[in-house]
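Novice: please work out how this folds:
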Amino acid sequence: MKESAAKELLDLVRDGYNEIAVDFDATRRKELWPEMRRFAVAVKDGEKILDAGCGNGRLLEALKDKKIEYLGIDNSKNLLALARRNYPAQNFLEADILDLRALPDGYFDQIFCLAVLSHLPTRARRVEALRQLALKLKPGGEIIISVWNLKNNPRYRPLIFKNILFKILGKHKFGWRDLVFTWKDSRGKEIGQRYYYVFSPRELKKTVIGADLKIKEFFKNKFNYWLVLRREE
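Specialist: This next block holds a predicted model:
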């Protein structure tokens, strides 16, 4: 993928979330994913938690009974405004997952990065994001990752097939795994665009290896892949 196309996708993600923020916030007030609650159980009182790509702060619902030091980061101003409204007692910072220099190294006990890596075009950027997150971990800390299992989702299969066809015909400037589609609000009105990279388990593992991280746990459910990662010693 050309660098100009990759930057176009990054801008699309940021601008798209700013456009759909209010409606996105409303859709994320449903029951939490069971995996979020499962991993939250392992968080101990007193730990420092980084929520990378925090969106509207939804993870805090799973952590609300924990006495922790929490920091949520996102590059969407509008989503951060909603997160601050939803959880005024918590700390949020506008930051890009590809540039975490403002955060201290070796500081966090656990890092959550849920439904974020799929928004990064090119493997180099996805590897760089994981490397930067790893730098922020304490020794023995863990990164909890989720990415969409789009091939298993009937909503996105037609888009994947369309991408493959258009790529063969030379009508798609991104890779066939790069999905761009319109977000519709609760009334069906088109209000913004979204971008997802279509991960496979093999590609996920290559990304982890490229970032010098070790997979402690890997599993999938109906719509997501989940990983628990440790930094190589």
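
Novice: just how off-centre is the strand or helix carrying Leu12 within its chain?
Specialist: Mapping Leu12 onto the secondary structure by DSSP states H and E places it in helix 3-27. Centroid separation for helix 3-27 versus its chain: 12 Å, with CA atoms, centre = their mean, to the nearest Å.

Novice: list the buried ones in it?
Specialist: 6, 8-10, 12-14, 16-21, 23-25 (16 or more other CB atoms under 10 Å). In this view, the C-beta of every residue, glycine as well, is placed from N, C-alpha and C.

Novice: average pLDDT for that helix?
Specialist: What helix 3-27 shows for mean pLDDT is 89.

Novice: with stretch 154-171 instead?
Specialist: Averaging pLDDT along stretch 154-171 yields 77.

Novice: what's the longest strand in the protein?
Specialist: Using DSSP state E to define each element, the chain has its longest strand at strand 137-148.

Novice: and the buried residues of helix 3-27, which is closest to Lys205?
Specialist: Ala6 (22.0 Å; CB to CB).

Novice: show me the contacts for the closest one.
Specialist: Neighbour list for Ala6: 121-122, 125 [criterion: CB atoms under 8 Å, 6 or more residues apart in numbering].

Novice: what's the separation between Asp185 and Glu31?
Specialist: The gap separating Asp185 from Glu31 is 21 Å, by CB to CB, to the nearest Å.

Novice: so which of these two has more stuff around it?
Specialist: Ranked by neighbour count (other CB atoms under 10 Å), Asp185 and Glu31 place Asp185 first, with 15 against 8.

Novice: pLDDT value on the more buried one, please?
Specialist: 72.

Novice: now Glu232
Specialist: At Glu232, the predicted lDDT confidence score is 69.

Novice: same thing with Val116?
Specialist: 96.

Novice: and Lys222, how far from Asn152?
Specialist: Remark: distance between Lys222 and Asn152 (CB to CB) = 7 Å.

Novice: also Pro139?
Specialist: Plainly put, Pro139 is 36 Å away from Asn152 if you go by CB to CB.

Novice: who has more neighbours out of the two?
Specialist: Between Pro139 and Asn152, counted using other CB under 10 Å, the more crowded position is Asn152 (14 against 8).

Novice: hang on, the more buried one packs against Tyr225?
Specialist: No - Asn152 is not in contact with Tyr225 according to CB atoms under 8 Å; the separation is 9.6 Å.
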